[in-house]
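>>> Next come a sequence and a model predicted from it.
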Amino acid sequence: MKTPWSFARFLPLAGRLLARGRLPTLLFAVASKGASQGNRLGKLKDDLRLFQALCLAWWRGEYRAISPKALVSIVAGLMYFLSPVDAIPDFIPGLGMLDDIAVLAWLMKVFDDELAAFRAWRNRQVPEKLAVVERLPKNPKQLHLEGRKKN
């Protein structure tokens with residue numbers, strides 16, 4: 001399946017974001033925008049939560065069974081979601097979120113096997129552990145301070 005043309009420019013940005021350890025800041029921004037959009041997001045809200053949970057588990061070193069390509073693509077998708085100026089600018093009422101939804105749906109389809117493996121991993125975890133792994137602290141700095149496990 002072909003990469004959406006407007007999405008491709010976010011891939012190198014995502015790679016740099018990961019290399020610089022800036023994933024916590026991105027995750028906080030995604031959580032904030034997701035919360036502010038309320039019910040406008042529909043099923044996209046569940047997809048965002050899945051991507052956020054995967055990124056948090058990866059950041060904390062609890063889940064590493066994801067290919068680098070999938071991780072970079074998912075981070076790029078989250079960056080696309082945050083960008084107010086993408087294929088259809090977010091400030092256009094009724095249309096602004098359509099391209100965001102399309103890109104995230106594309107990611108869900110392309111990386112279905114990897115996301116299914118992550119869901120299976122989550123299902124094997126005890127709820128108490130998941131609550132810790134997927135918890136966002138009060139600010140990105142605290143997530144940086146908590147550190148991440150090196151594998």
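Good, I have the coordinates.

>>> So which residues of this protein form helices?
Ranges of helices in the chain, per DSSP state H, are 10-19, 23-37, 44-59, 68-82, 98-110, 112-124, 127-133, 140-146.

>>> Lowest mean pLDDT across those, which one is that?
Among those, helix 140-146 carries the lowest mean pLDDT, at a mean of 72.

>>> Who are the packing partners of that one?
Under the contact definition 3 or more Cβ pairs under 8 Å, 6 or more residues apart in numbering; DSSP states H and E, helix 140-146 sits against helix 23-37. Quick note: C-beta positions are derived from backbone N, CA and C, even for glycine.

>>> so the helix it packs on versus helix 44-59, what angle?
If you take axes from the mean of the first three to the mean of the last three Cα atoms, to 10 degrees, helix 23-37 sits at 160 degrees to helix 44-59.

>>> what's the offset of stretch 63-76 from the middle of its chain?
10 Å (Cα atoms, centre = their mean, to the nearest Å).

>>> For that stretch, C-alpha coordinates in PDB please.
Taking only C-alpha atoms (Å, rounded to 0.1, in the frame of the first residue of the first chain), the coordinates of stretch 63-76 have been written out as PDB:
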ATOM      1  CA  TYR A  63       7.800  -3.500  24.500                       C
ATOM      2  CA  ARG A  64      10.400  -3.800  21.800                       C
ATOM      3  CA  ALA A  65       8.800  -6.200  19.400                       C
ATOM      4  CA  ILE A  66       8.100  -3.500  16.800                       C
ATOM      5  CA  SER A  67      10.100  -2.900  13.700                       C
ATOM      6  CA  PRO A  68      12.000   0.400  13.500                       C
ATOM      7  CA  LYS A  69      10.000   1.200  10.300                       C
ATOM      8  CA  ALA A  70       6.700   0.700  12.100                       C
ATOM      9  CA  LEU A  71       7.800   2.800  15.100                       C
ATOM     10  CA  VAL A  72       9.000   5.700  13.000                       C
ATOM     11  CA  SER A  73       5.800   5.600  10.900                       C
ATOM     12  CA  ILE A  74       3.600   5.600  13.900                       C
ATOM     13  CA  VAL A  75       5.500   8.500  15.400                       C
ATOM     14  CA  ALA A  76       5.300  10.300  12.000                       C
END
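
>>> Tell me which residues of it come out buried.
63, 66, 70, 71, 72, 73, 74, 75, 76 (16 or more other Cβ atoms under 10 Å).
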